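A.B. asks: Curious how this folds, go ahead:
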Amino acid sequence: PKQNIAIGPGTRYTFGGWVKVEKGKPKPQVCLGWCDVSNKWISCVYATPVTDNDAGTGGWTRYEGRTPPMPSNAATGMLHCHMLRGETGRVLFDDFSLEETQAQVKRLRLRLDGFLYSPKLLYCLQLGFTPYDTKVLPNGNNNFIRDAVVCYRPSDTWNIAFGQTTVKSSRENIKSSSAMQFSNASIVNSEFNPDRDFGFFGEYYKRLFGNFNVTANAAVTLGEGRNWVASKSKGFTYTGRVELFPLGRFKASGEVIEGDFLREQSVKLMLAGAFSYNDRTTRVHGQCGSQLPDGVMASMKQYYLDFVLKYRGFAFCADFMGRICDKPLYFGDLFTYAGKGVNAQTSYIFRKNWEVALRNSTLLPDAKVRPMVGYTGFNQTTFAVTKYLIGHSLKVQADASYNHRTEALNAYNRWQLRFVLEAGL
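C.D. replies: Numbers count the residues shown, from 1 in each chain. Below you'll find the model as predicted:
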């Protein structure tokens with residue numbers, strides 16, 4: 001048997017299970033291998049016996065193995081249980097487990113921004129230096145550049161931009177990674193987040209009446225994601241987003257900063273929605289994911305609804321998003337994750353800047369792709385504690401997550417414990 005698993009660069013994995021030879025004298029093999037995003041084989045580690053098959057175990061032998069840290073180009077792991085080629089017999093494999101341990105600098109980024117010639121002509125350049133940011137793309141391109149954009153802002157009401165930057169779709173996608181209450185974004189955002197792309201961007205801000213404000217965003221981009229450079233597709237991605245602030249704007253753009261560190265003295269809330277249409281992309285998830293075979297293109301729609309509320313240290317956020325693709329299945333293991341997800345989180349920050357936060361996230365794949373993802377539902381519940389030393393610029397975070405998949409092909413119930421030190425200069 002073989003099972004594919006998602007793996008992360010810099011992560012060590014400990015794997016193992018029980019093996020019993022029932023017939024013949026074959027030599028059982030338990031192996032964890034890893035491939036890049038193009039499914040090109042990189043390397044593997046074999047497990048070795050750690051117990052004897054004596055009467056106390058009923059003939060079962062425990063096998064265990066441990067990998068080195070995964071290289072930066074590793075994307076998919078495969079757990080193999082088999083006999084050597086040419087051997088005959090019967091071998092049973094049971095109760096296998098996989099544990100991962102990470103100790104890494106997840107984000108190390110350099111950001112430069114300012115203006116050129118006039119304060120109305122702005123620029124932003126952001127580079128990433130860790131394996132998390134610099135995974136080689138499926139087309140072989142390097143991936144160091146996160147933002148490289150020039151913006152013309154003639155007034156406080158609107159601006160236009162050209163270059164590579166964030167596609168403003170969901171609340172979680174727009175916020176800075178340094179402004180999170182948890183060590184990672186939600187599983188819902190990770191699945192449906194378009195990340196960055198290259199193209200034209202526009203923003204419009206307006207106070208309609210009283211404290212009622214509105215923001216509108218629009219973008220026309222290439223549709224293959226950051227640093228893709230060239231595409232054989234003649235299609236583009238069209239994205240629009242509208243944000244409503246019926247009770248006035250948040251302090252310091254607090255709608256894209258998680259938690260209520262600034263402690264809004266009056267109730268503030270945001271209602272927002274976005275829609276994106278990616279016409280003839282060459283990647284399975286539009287701006288993200290594996291590359292489709294030559295000549296194969298996919299069109300897909302993505303939608304997003306957001307809600308944010310803050311008041312005197314209390315914060316609540318909710319997100320609903322999804323992806324629609326009429327033909328999500330391709331050749332082999334390639335598919336587009338068509339489905340939807342919902343995310344809700346709440347928090348409270350105490351006077352000495354200690355914060356507690358709770359998040360619940362659920363992914364629901366469409367029926368067509370359930371055989372590929374291996375479950376009908378994926379739920380993650382996370383509890384976090386944060387100590388803010390200098391706001392989000394210097395903080396210490398710890399969180400614990402419980403992950404559960406419903407009707408999974410392989411039982412999936414896992415705990416994750418994470419500790420993060422975040423420092424921004």
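
A.B. asks: Poorly predicted segments of this protein, please.
C.D. replies: Applying pLDDT under 70 to the chain picks out residues 1-2, 52-56.

A.B. asks: For it, which segments count as helices?
C.D. replies: For the chain, the helices defined by DSSP state H cover 171-174, 187-192, 370-373.

A.B. asks: Switch the ones you listed over to CSV, and while doing so, append distance to K327 and mean neighbour count to every line.
C.D. replies: For the C-beta atoms, the positions are set from N, CA and C on the backbone; glycine is no exception. CSV is the format used below for the helices of the chain (distance: least, CB to CB, whole Å; neighbours: other CB atoms under 10 Å):
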stretch, distance to K327, mean neighbour count
helix 171-174, 25, 23
helix 187-192, 18, 22
helix 370-373, 13, 15
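
A.B. asks: Contacts only, for P69.
C.D. replies: P9, G10, T11, R12 (CB atoms under 8 Å, 6 or more residues apart in numbering).

A.B. asks: Oops, could you answer that again for P154 instead?
C.D. replies: Contacts of P154 by CB under 8 Å, 6+ apart are K120.

A.B. asks: And the one 10 residues further on, by the same measure?
C.D. replies: Listed by CB under 8 Å, 6+ apart, the contact partners of Q164 are I145, R146, D147, A148, V149, R196, D197, F198, R226, N227.

A.B. asks: Most neighbours among the residues you listed, which one?
C.D. replies: Among those, D197 has the most neighbours (other CB atoms under 10 Å), with 27 neighbours.

A.B. asks: Just give the closest residue to N213, not the sequence neighbours.
C.D. replies: Nearest non-adjacent residue to N213, counting by CB to CB, 6 or more residues apart in numbering: F245, 4.1 Å away.

A.B. asks: Quick one: residues contacting that neighbour.
C.D. replies: F245 is in contact with N211, F212, N213, V214, T215, E255, K268, L269, M270, counting by CB under 8 Å, 6+ apart.

A.B. asks: out of the residues you listed, who's nearest G16?
C.D. replies: E255 (46.2 Å; CB to CB).

A.B. asks: count of residues packed around that closest one?
C.D. replies: 22.

A.B. asks: Could you pull up phi and psi at the closest residue to S393 other than its chain neighbours?
C.D. replies: Excluding the flanking residues, the one nearest S393 by CB to CB, 6+ apart is G424, at 4.4 Å. With angles defined as degrees, to the nearest 10, G424 sits at phi -120, psi 130.

A.B. asks: Would you mind measuring from G424 to N189?
C.D. replies: Going from G424 to N189 by CB to CB, to the nearest Å gives 21 Å.

A.B. asks: Can you show me the strands along the stretch 101-250 of the chain?
C.D. replies: Here the stretch 101-250 of the chain has its strands, by DSSP state E, counting those that start in this stretch, at 109-116, 118-128, 145-152, 158-166, 196-209, 212-221, 237-245.

A.B. asks: next one: the fifth one to chain centre, how far?
C.D. replies: Between the centre of strand 196-209 and the centre of its chain there are 24 Å (CA atoms, centre = their mean, to the nearest Å).

A.B. asks: now the second one
C.D. replies: Distance, stretch centre to chain centre, for strand 118-128: 26 Å (CA atoms, centre = their mean).

A.B. asks: Equivalent analysis for the last one, please.
C.D. replies: Taking the mean C-alpha point of strand 237-245 and that of its whole chain, the gap between them comes to 21 Å (CA atoms, centre = their mean).

A.B. asks: Number of residues surrounding S72?
C.D. replies: Using other CB under 10 Å: S72 sits among 16 other residues.

A.B. asks: now, which of the contacts of Q164 sits nearest C325?
C.D. replies: D197 (17.9 Å).

A.B. asks: Verify the contact between the closest one and T221 for me.
C.D. replies: Yes. Counting by CB atoms under 8 Å, D197 sits close enough to T221 to count as a contact (3.8 Å).

A.B. asks: Quick check: end-to-end length of stretch 21-38?
C.D. replies: 35 Å (CA to CA, to the nearest Å).

A.B. asks: before we move on, what about stretch 329-346?
C.D. replies: 36 Å.

A.B. asks: Got phi/psi on E258?
C.D. replies: Backbone torsions for E258, taken as degrees, to the nearest 10, come to phi -70, psi 150.

A.B. asks: Mind listing the residues bridging to G16?
C.D. replies: Using DSSP bridges, the bridge partners assigned to G16 are E64, S97.

A.B. asks: measure it to R405 for me?
C.D. replies: On the measure of CB to CB, G16 and R405 end up 21 Å apart.

A.B. asks: ok so, going back, adding distance to S347, write the strands of the stretch 101-250 of the chain out as JSON lines.
C.D. replies: Below are those laid out as JSON lines (distance: least, CB to CB, whole Å):
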{"stretch": "strand 109-116", "distance to S347": "25"}
{"stretch": "strand 118-128", "distance to S347": "27"}
{"stretch": "strand 145-152", "distance to S347": "27"}
{"stretch": "strand 158-166", "distance to S347": "23"}
{"stretch": "strand 196-209", "distance to S347": "27"}
{"stretch": "strand 212-221", "distance to S347": "24"}
{"stretch": "strand 237-245", "distance to S347": "20"}
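
A.B. asks: quick revisit: what's the farthest-apart pair in the contacts of Q164?
C.D. replies: Across these, no pair lies farther apart than V149 and N227, at 13.3 Å, counting by CB to CB.

A.B. asks: Is K387 bridged to anything, and to what?
C.D. replies: Assessed by DSSP bridges, K387 has beta-bridge partners W354, V396.
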